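Asker: How does the following fold in three dimensions:
(one chain, ligands or ions: 1)
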Amino acid sequence: MSKLNTKVTDSVNFFQGNDPKKLVEEYGSPLYVYNERILRERCREIKNLVSYPHFSVNYSTKANNNLAFLQIVREEGLNVDAMSPGEAHVEFMAGFKPEQIFFISNNVSKEEMQYAIDHDITLSVDSLSQLEQYGQLNPGGRVAARFNGGVGAGHHEKVVTAGKKTKFAINPEYIPEFKEILKKYDLKLVGINQHIGSLFMEGDKYIEGVKAILNIAKEFDDLEFVDLGGGFGIPYEKLNDQPRLDLKDLGEKLSKILFDFAKEYGKELTFKVEPGRYISAECSVLLGTVHAVKQNNVHKFAGTDLGFNVLARPMMYDSHHDIEVYNNSDDTEEITVVGNICESGDIIAHDRVLPKVAEGDVIGVLDAGAYGYSMASNYNNRLRPAEILIRENGEVVLTRKRDTFEDLTRNFIPLK
Ligand code: LLP
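Answerer: Numbering: from 1, shown residues only. Got it, this is the predicted structure:
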C-alpha cells in the first residue's frame, strides 16, 4: 500500500493488520471503523485528568451514541450525560445506572422532564421557565441547573454555548428569582453545570470558564457537584503535525483550583467534566470509495460516496478532516474530495494534496468518531453506513448494521 500519506493511521496502528479495502469489501462503503484500544486510551487519559479525588467524567453521548461504544465507555468507569430521553434510553441499554446519567436539558417538554423523574435521573434545567415547570412536576425533588458564566469558546460560532449570544443556560443576574422558585417548590439544588462550547486547544479559556462557574457555585449552599463542561479539543490537522491539547498542564492547573475551591466551600463536592469529542473523535476513521475522477474548470474532483449525509462537519462548520488514500500511487496531486449528494456544498475536503486517486480507490477520513455517525442522516434517501469495531486483539466486529430500504420506509403510512 502507498505510504505517501498514511502516517497517521500507521503511527497508531489504527487498522491493526486489517486492510481498509477488504473491510469495505466485507461491510460495504461508506463505513465507520472504530479502534477499541484508542477509545480506551482516551477514556483513561481524561479519567486521570486531575488529582482531586471526587471527579467524574461524564462522556457526552451526543458525540457518538453507538451501543457497543457506550458499553466500552462504561467498562472504563466513565459516567454519561444525556441531551434527550433517547440518549438516556441507549445509555440504559449499555448498562448505565440512573445515578450515572446526567440529563442536561435544553427546552424540553414536560413529558421529557417526566421521563427523567420516572427514571431517577438528575436533570439540569437551563431557564427559569423550565425550573418552574420542573417544580410543578416534581415538588420537593432534586434538580440541577445550567448557568452561563459568561466565558464562551469553540471552533465555530455555531458551537459556542456560553457568553453573550447563546440560547443556553441561566444568566447569574437571575439567581435571586431562581432561588425563589427553588423555595416555592421546595426543590433541592444538587448541582450546577456549564458548557462553554466545543473544541478548545489551549486550556486557558477552559480554566477561565471554570473560575466563572465556581464563582456562581459560591452563591449556593450545599451543592453536591459542579459540572465544568466539555469542549476538550483534538488536533484535526495531524498531517500538518498540529500539537495536541496539553492535558497534563490543564490537569495540574485544574487540580489546584478544585482543591482550593473545595477548601473554601467547606465541602469535598464532586466535580464533573463532559467530554464528547476528546473521547470519541480519534478512535474512528470513516472509509469511503472513489467513484469518479474529473476535471471541472480549475478544480480536479474525486467523487466519492462520502456525502454530508455521512459526515456533516465539513459542510456544516467548514471543519477540516485529514484524508488518507489507500492505494499504491507514488504520485500526488491537488484534488477536491466531494460526496454524492445533490448540493454544491457537498465537499469533504477542498484542494488537498493527496496521492493520485482512481475509480475504486478507498480513502479514509480521519478523526471521524465525534459528531460523525451521530449527525448522519438519510438525506437523498441514502443509507447510513455500518459501524465496525477493531477489538484490542485485532478482530473485527460489526456494531451497527448498514441501513436498509426497509429502514428508510418503515414509518410511511401510504394513502388508501
Ligand atoms: N456538554 C454539553 C452540554 C454539550 O452541549 C456538549 C456539546 C458537550 C458537553 C460535549 O462537547 P465536546 O466535548 O464534544 O466538545 N457538532 C459539533 C459539536 C457540537 C457540540 C454540542 N455540544 C461538531 O461537530 O463540532
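Asker: contacts, neighbours, all on C-alpha from now
Answerer: Will do.
Asker: residues in the stretch 301-416 of the chain within reach of the ligand, list them.
Answerer: 313, 371 (C-alpha under 6 Å from any ligand atom).
Asker: again, only this time at 5 Å
Answerer: Within the stretch 301-416 of the chain, the positions near the ligand by C-alpha under 5 Å from any ligand atom are residue 371.
Asker: And the residue of the stretch 301-416 of the chain closest to the ligand?
Answerer: Of all residues in the stretch 301-416 of the chain, the one sitting closest to the ligand is residue 371 (4.7 Å; C-alpha to the nearest ligand atom).
Asker: the longest strand in the protein is where?
Answerer: strand 284-296 (DSSP state E).
Asker: Give me the helices and strands touching that one, please.
Answerer: The elements that strand 284-296 packs onto, with contact taken as 3 or more C-alpha pairs under 8 Å, 6 or more residues apart in numbering; DSSP states H and E, are helix 20-27, strand 31-35, strand 299-304, strand 362-365.
Asker: Just say which of the ones you listed is most tucked in.
Answerer: The highest average neighbour count among those, using mean count of other C-alpha atoms under 10 Å, belongs to strand 31-35 at a mean of 27.
Asker: In terms of secondary structure, what does the helix or strand just after that one contact?
Answerer: Per DSSP states H and E, the first helix or strand lying C-terminal to strand 31-35 is helix 36-47. Counting contacts by 3+ C-alpha pairs under 8 Å, 6+ apart, helix 36-47 packs against strand 55-60, helix 67-75, helix 277-280.
Asker: tell me the mean pLDDT over the second one?
Answerer: Spelled out, that is helix 67-75. Here helix 67-75 scores 98 as its mean pLDDT.
Asker: on contacts alone, who are the packing partners of it?
Answerer: If you count contacts as 3+ C-alpha pairs under 8 Å, 6+ apart, helix 67-75 packs onto helix 36-47, helix 85-93.
Asker: Likewise for the first one?
Answerer: Strand 55-60 makes packing contacts with helix 36-47, strand 79-82, strand 270-273 when contacts are defined by 3+ C-alpha pairs under 8 Å, 6+ apart.
Asker: Tell me which residues are up against it.
Answerer: Strand 55-60 has contacts (C-alpha atoms under 8 Å, 6 or more residues apart in numbering) with 46-47, 73, 78-82, 101-102, 230, 270-276, 279.
Asker: so how far is that strand from its chain's centroid?
Answerer: Here the centre of strand 55-60 is set off from its chain's centre by 12 Å, with C-alpha atoms, centre = their mean, to the nearest Å.
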